[in-house]
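# With the sequence up front, the predicted model follows.
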Amino acid sequence: MVIEVLRIGQRLVRDDRVTTHVALVSRAFGAERIFMNEVNPEIKDTVEKINKTWGGKFEVEFIDKWKNIVKKKKEEDFKIIHLSMYGQNINNVQEEIQKEKNLLIVVGAEKVPREIYELADYNVGIGSQPHSEISALAILLDRIQKGSQFEKYFANAKRKIIPTKNGKNVQVEETRD
């Protein structure tokens with residue numbers, strides 16, 4: 001399964017941190033790429049530094065028009081999943097989504113254009129209460145991959161966390177200096 005994420009919109013300054021976290025969750029939870037518009041370009045530098053230290057090839061791609069990405073991915077046989085508190089309950093669609101081959105997950109910032117509800121193959125709600133798009137993305141990625149994303153190997157990592165019951169254990173291949 002190929003998973004990519006499309007972040008639509010950003011509230012200036014306020015959402016820099018949120019958008020960075022959307023990218024980090026996408027990376028850590030198994031997505032291969034995130035498309036963004038209207039963002040601070042420093043977010044790409046941050047994610048590239050994370051890749052350099054912790055491994056993997058997660059990509060950040062800046063775009064001009066989100067609709068062009070959605071149309072292109074539909075042509076490439078991706079299913080479009082729009083995260084929305086108004087969508088179908090994740091409990092009722094997760095099994096169907098798990099059978100899909102390629103996914104583009106759309107994560108909006110402020111009010112998203114009405115059109116995305118119509119272009120999406122699935123409008124999915126993680127509960128029907130207002131909450132964070134970061135948490136919604138994490139839960140969706142976990143549900144559709146059933147936890148397998150945590151077994152993912154990140155190639156060329158300079159640092160690797162060794163899970164321990166107590167304390168911290170980090171395997172360091174190369175220091176930052």
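Ah, there it is.
# hey, where'd the strands end up in this protein?
2-8, 33-36, 59-62, 79-89, 102-108, 122-125, 159-161, 170-172 (DSSP state E).
# Out of those strands, the one nearest Leu24 is which?
Ranking those by proximity to Leu24 (CB to CB) places strand 33-36 first, at 9.7 Å. Every residue, glycine included, has its C-beta placed from N, CA and C.
# and the closest one, average pLDDT?
In this model, strand 33-36 has a mean pLDDT of 96.
# With stretch 74-93 instead?
97.
# Can you give the distance of it from its chain's centre?
Offset of stretch 74-93 from its chain centre (CA atoms, centre = their mean, to the nearest Å): 13 Å.
# same check, this time on stretch 140-159
For stretch 140-159, the distance to the chain centre is 12 Å (CA atoms, centre = their mean).
# Over to stretch 92-109?
On CA atoms, centre = their mean, the centre of stretch 92-109 falls 11 Å from the chain's centre.
# buried ones in that stretch?
93-94, 97, 100, 103-109 (16 or more other CB atoms under 10 Å).
# so Arg11 touches Ala109, yeah?
Yes: using CB atoms under 8 Å, Arg11 is in contact with Ala109, at 5.9 Å.
# who touches Phe154 in this structure?
54-56 (CB atoms under 8 Å, 6 or more residues apart in numbering).
# Kindly reformat the residues you listed as CSV containing pLDDT.
Shown next, in CSV, are the contacts of Phe154 (pLDDT from 0 to 100):
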residue, pLDDT
Trp54, 96
Gly55, 97
Gly56, 96
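# Thank you, goodbye.
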